[in-house]
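1. Curious how this folds, go ahead:
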Amino acid sequence: MDAPAVHVDQPAKPSPRPFPGDPCMAGRSGCDLKAITARRRFLGLVLWTMPTLSCLLAIAVRAEERPLPAAANLAASGLQAGQGREDLAITASALEREGRWSDVVNICETAARKGSLDPVLQQRYDLAKIHCDIAKRHGETAFRSQLARLSEADARRVYAEVMSRIASHHVESPDFSRLVSRGLRAMDVAIDDPLFVSLHARQATPEGRAAYREQIARLIGGRAIASQVDAESAAAWAGHIAEATIGIPAAVTVLEMTAAAMGGLDEYSAFLTTGQLDDLYSQIEGNFVGLGVELKAASDGLLVVHVIPGSPAERSGLRGGDHLVGVGGRPIGGMHVDEAAQLLQGPAGSLVTLAVLRGQGPARAVTVRREHVEVPSVEDVRILDTSAGVAHVKISSFQKTTAADLEAALRRLDAAGMRSLVIDLRGNPGGLLSAAVDVADLFLERGLVVATRGRSPEEDFNYTASRSGTWRMPLVVVIDGDSASSSEIFAGAIRDHARGTIVGSRSDGKGSIQGIVPLEVAGVGMRLTTAKFFSPNGHPYSGVGVEPHLVVRSAARPVGDVGGQSGGQTVSPAEDLSLGTAVEVARRALVRPASRPQQRGSVAR
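-> Numbering: from 1, shown residues only. Below is the predicted model of the structure:
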């Protein structure tokens, strides 16, 4: 068995010692990082959790324009406040009857991740996810091509490898019966899905579908599924039944059951097509072919959250706050954000025409050339108050180069007179675990940064600060409800070590780690939740988040305002209550004579 994905490619120094407040770790030992070097490329990730993306994912398209009802937004917001559950259920039922599965996912996703959906609504949400996932997978040209070449034997190898990974490394003990049941539920949906049928079951008849469902019911009713071997056997039999009754190749059925099993583990584990796997690697590396915009769902299409400086989108005149309502002549209102992103993809050098709404005027056509785009993770580097020496940086995600990029920015700010520093993590959905540890190590002299704990002892690590230089200026960190994963690792370490002041609102509470695992055949992969992480003082992050020292209850940010940037333009502290509070805290902080790193020992940084 290969080593867990999460520990490879991490420059931080893990130690197997228990962390404070962790009674279950007594006597347990971790493993040497060198001993778990994998035969394949494994990356340790704290995956993105918010609905913002860089237009990378490859998915199917639904072209009709049907905006999300306002009632759905009200119901979803009410649910988060502990109210409106009945309204949300009514809205979800109405959307379900219309087949608007992506809208059901949109209104339920946040509550599902918080664990606040009731069981009935959770079932509806899960059904909607199955519908959307089928559309995404089979709408990807590369995935369809691979599936056409996949043999039954290889599909069964993929299923076995996924089940083995789940059994050995998922954060919870697997329920193989539930995983098989969800796979069969996905197949039950797929045999009625127009896209899936057009690709894999063109000869299907009502009688064939009835025969399939009857034989599957007998299959499941006549056997207990208590082990990985039982699950593999059930998947193989389901493949044979589907091929005999409907004409679906057995390999297609087995791979569909594989994907559905992964998607039902938790809110963050998932099956990854080749396109999705490549896109995640692009996000980790911080570069991709695209337009250079970050997007999220809007009722009329896609909202431009942020335009990357120097990108083709910026050169074409796009701005944060713009609404994309059409791509290549096709309306995108009502599409799930991932579905619409498919239309924006294309090879480097190709052109795409967007229908863009700005303000109250009519939509205008904007043509953008797709190019290689470098995505900066350290932005808005500036001195906010020259007289007090208050400096500011925004970390938008945690990538491989984030720590090095941040240190370069700090040296420029130091030369410009920095005496204290505000780090803005608002809207930062996470990234690499190793990057969060390295960034924290820039400001902590020693001690635990984060502890990871999984079901497998191989997932238990303590990551410590140990670099040779430390920046010692007074520090203020700004967070909000969209600060997740690696953002919480950094903010929690700063808080527990009393290294700085945390300002803003409670963070997201996404306290789990996912490993990205490319599988041996079929060119696909998996994103598997392998562990949860804990603060230096042993506090959990999952479902809890990081509580600021100073809570700032800001009014809703304007459209396109993300972490102190509105419409792509820099916002001053006077216009941003959280940022203004952070600056005032930084002004009052005790300022030391020098903010540049102090060396520990004789090793220079």
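
2. What is the helix or strand encompassing residue 584 packed up against?
-> For residue 584, the host element (DSSP states H and E) is helix 577-588. Where contact means 3 or more Cβ pairs under 8 Å, 6 or more residues apart in numbering; DSSP states H and E, helix 577-588 is packed against strand 378-385, strand 390-395, strand 420-424, strand 475-479, strand 501-504. C-beta: built from backbone N, CA, C; applies to glycine.

3. The longest one vs strand 420-424, what angle?
-> What that stands for is strand 378-385. The directions of strand 378-385 and strand 420-424 differ by 140 degrees, with axes from the mean of the first three to the mean of the last three Cα atoms, to 10 degrees as the criterion.

4. got the CA coordinates for strand 378-385 in PDB?
-> Listed next in PDB are the C-alpha coordinates belonging to strand 378-385 (Å, rounded to 0.1, in the frame of the first residue of the first chain):
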ATOM      1  CA  VAL A 378       0.300  37.600  -2.200                       C
ATOM      2  CA  GLU A 379      -1.400  40.800  -3.300                       C
ATOM      3  CA  ASP A 380      -2.100  44.400  -2.300                       C
ATOM      4  CA  VAL A 381       1.300  44.900  -0.800                       C
ATOM      5  CA  ARG A 382       1.400  48.500   0.500                       C
ATOM      6  CA  ILE A 383       2.100  50.800   3.400                       C
ATOM      7  CA  LEU A 384      -1.300  51.900   4.800                       C
ATOM      8  CA  ASP A 385       0.000  54.500   7.300                       C
END
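
5. Just checking: what are the partner strands of it?
-> Sheet partners assigned to strand 378-385 using DSSP bridges are listed as strand 390-395 (antiparallel).

6. Figure out how far the strand it pairs with is from the centre of its chain.
-> Taking the mean of its C-alpha atoms, strand 390-395 sits 24 Å from the chain's own mean (Cα atoms, centre = their mean, to the nearest Å).

7. cool, and stretch 537-552?
-> Offset of stretch 537-552 from its chain centre (Cα atoms, centre = their mean): 20 Å.

8. Okay, now it: how far is its last residue from its first?
-> Using Cα to Cα, to the nearest Å, one end of stretch 537-552 lies 24 Å from the other.

9. Go through that stretch and flag the buried ones.
-> Within stretch 537-552, the residues scored as buried using 16 or more other Cβ atoms under 10 Å are 538, 539, 541, 544, 545, 546, 548, 552.

10. Please identify which helix or strand holds residue 247.
-> Assigned by DSSP H and E, residue 247 belongs to no helix or strand.

11. follow-up on the earlier one: which residues sit against the helix holding residue 584?
-> Outside helix 577-588, the residues within contact range by Cβ atoms under 8 Å, 6 or more residues apart in numbering are 384-385, 388, 390, 392, 420-422, 424, 426, 474, 476, 478, 480, 501, 503-505, 550, 552, 554-555, 564, 571, 573-574.

12. and if we set it to 7 Å?
-> By Cβ atoms under 7 Å, 6 or more residues apart in numbering, the residues outside helix 577-588 that reach it are 384-385, 388, 390, 420, 422, 424, 474, 476, 478, 501, 503-504, 550, 552, 554, 564, 573-574.

13. With stretch 324-332 instead?
-> 63, 65, 300-302, 304, 333, 340, 343-344, 352-357, 363.

14. Quick check: strands, which of the residues you listed are part of them?
-> Counting by DSSP state E, the part of the contacts of stretch 324-332 found in strands is 301, 302, 304, 352, 353, 354, 355, 356, 357.

15. Now the fifth one. Nearest residue, chain neighbours left out?
-> Just to be clear, that refers to residue 353. Distance criterion Cβ to Cβ, 6 or more residues apart in numbering; nearest residue to residue 353, sequence neighbours excluded, is residue 367 at 4.9 Å.

16. Now do that neighbour: how many residues are near it, please.
-> For residue 367, the count of nearby residues is 9 (other Cβ atoms under 10 Å).

17. Make a PyMOL selection of the buried ones in the ones in strands among the contacts of stretch 324-332.
-> Selecting the buried subset of the ones in strands among the contacts of stretch 324-332 in PyMOL, with 16+ other Cβ under 10 Å as the burial test, is done by:
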select buried, resi 301+302+304+352+354+355+356+357
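
18. For the ones in strands among the contacts of stretch 324-332, work out which two are farthest apart.
-> In the ones in strands among the contacts of stretch 324-332, two members sit farther apart than any others by Cβ to Cβ. They are 352 and 357, at 16.6 Å.

19. quick one, helices of the stretch 351-500 of the chain?
-> Secondary structure of the stretch 351-500 of the chain (DSSP state H, counting those that start in this stretch): helices at 402-415, 433-441, 486-496.

20. And the shortest one, what does it pack against?
-> Yep, that's helix 433-441 we're talking about. Using 3 or more Cβ pairs under 7 Å, 6 or more residues apart in numbering; DSSP states H and E, the elements in contact with helix 433-441 are strand 43-45, helix 402-415, strand 447-453, strand 461-465, helix 486-496.

21. and of those, who's closest to residue 276?
-> When the helices and strands packed on helix 433-441 are ranked by distance to residue 276, counting by Cβ to Cβ, first place goes to strand 43-45 at 13.2 Å.

22. Flag the shaky bits of the stretch 351-500 of the chain, pLDDT-wise.
-> Counting by pLDDT under 70, the stretch 351-500 of the chain has low-confidence residues at 467-468.

23. what's the answer for the chain, then?
-> Regions of the chain meeting the criterion pLDDT under 70 cover residues 1-84, 336-338, 467-468, 554-571, 590-605.

24. For it, list the residue farthest from the centre, please.
-> Note on the chain: the largest separation between a C-alpha and the mean C-alpha position, by Cα atoms, centre = their mean, falls on residue 207 (41.5 Å).

25. where's that residue relative to residue 215, distance?
-> With the distance defined as Cβ to Cβ, to the nearest Å, residue 207 ends up 13 Å from residue 215.

26. same deal with residue 474?
-> 69 Å.

27. Residue 219: helix or strand, and which one exactly?
-> With secondary structure defined by DSSP H and E, residue 219 is part of helix 206-221.

28. Equivalent analysis for residue 165, please.
-> Using DSSP H and E, residue 165 falls within helix 152-169.

29. Kindly export that helix (C-alpha atoms) in PDB.
-> As requested, the backbone C-alpha atoms of helix 152-169 are provided in PDB (Å, rounded to 0.1, in the frame of the first residue of the first chain):
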ATOM      1  CA  GLU A 152     -14.000  -3.900 -17.300                       C
ATOM      2  CA  ALA A 153     -10.900  -5.300 -15.700                       C
ATOM      3  CA  ASP A 154      -9.400  -1.800 -15.400                       C
ATOM      4  CA  ALA A 155     -12.600  -0.300 -14.100                       C
ATOM      5  CA  ARG A 156     -12.700  -3.000 -11.400                       C
ATOM      6  CA  ARG A 157      -9.000  -2.200 -10.500                       C
ATOM      7  CA  VAL A 158     -10.000   1.400 -10.100                       C
ATOM      8  CA  TYR A 159     -12.900   0.400  -7.800                       C
ATOM      9  CA  ALA A 160     -10.600  -1.800  -5.800                       C
ATOM     10  CA  GLU A 161      -8.000   0.800  -5.400                       C
ATOM     11  CA  VAL A 162     -10.500   3.400  -4.300                       C
ATOM     12  CA  MET A 163     -12.100   1.100  -1.700                       C
ATOM     13  CA  SER A 164      -8.700   0.200  -0.400                       C
ATOM     14  CA  ARG A 165      -7.700   3.800   0.000                       C
ATOM     15  CA  ILE A 166     -11.000   4.500   1.800                       C
ATOM     16  CA  ALA A 167     -10.500   1.500   4.100                       C
ATOM     17  CA  SER A 168      -7.000   2.500   5.000                       C
ATOM     18  CA  HIS A 169      -6.900   6.300   5.100                       C
END
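
30. Understood, closing this out.
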